[in-house]
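In: Sequence first, predicted model second:
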Amino acid sequence: MSTFEEDLLLKGLQQEIATLGTEYVEKNLAARDDFPPFLKAMTAWYWGSAGAMG
């Protein structure tokens, strides 16, 4: 993952937490054994882009 994608992923996670709450996001992340590439991409693109727009 490039630096840009990593930055977008971190922004995405921050936006997801701001929207859905820390407890909800952490609970769902903890329920996984890993963070699959598709989920990383969707978090970065959807939530990361939403954070950039708002």
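Out: Alright, I've got the coordinates.
In: tally of neighbours for Leu29?
Out: Residues lying near Leu29 (other C-beta atoms under 10 Å) number 13. C-beta here means a position set from N, CA and C on the backbone, and glycine is covered the same way.
In: correction: Gln15
Out: Gln15: 20 neighbours (other C-beta under 10 Å).
In: With Gly12 instead?
Out: By the criterion of other C-beta under 10 Å, Gly12 has 23 neighbours.
In: Skipping adjacent residues, who's closest to Glu16 in space?
Out: Closest residue to Glu16 apart from its sequence neighbours, by C-beta to C-beta, 6 or more residues apart in numbering: Trp47 at 4.5 Å.
In: Just to check, that neighbour is in contact with Gly12?
Out: Yes - proximity of Trp47 to Gly12 meets the contact threshold set by C-beta atoms under 8 Å, at 3.4 Å.
In: Spit out the contact partners of the residue positioned nearest the centre of the chain.
Out: With distances taken as C-alpha atoms, centre = their mean, the residue of the chain nearest its centroid is Leu13 (3.1 Å). Going by C-beta atoms under 8 Å, 6 or more residues apart in numbering, Leu13 touches Val25, Thr43, Trp47.
In: ditto for Trp47
Out: The contact partners of Trp47, by C-beta under 8 Å, 6+ apart, come to Lys11, Gly12, Leu13, Gln15, Glu16, Thr19.
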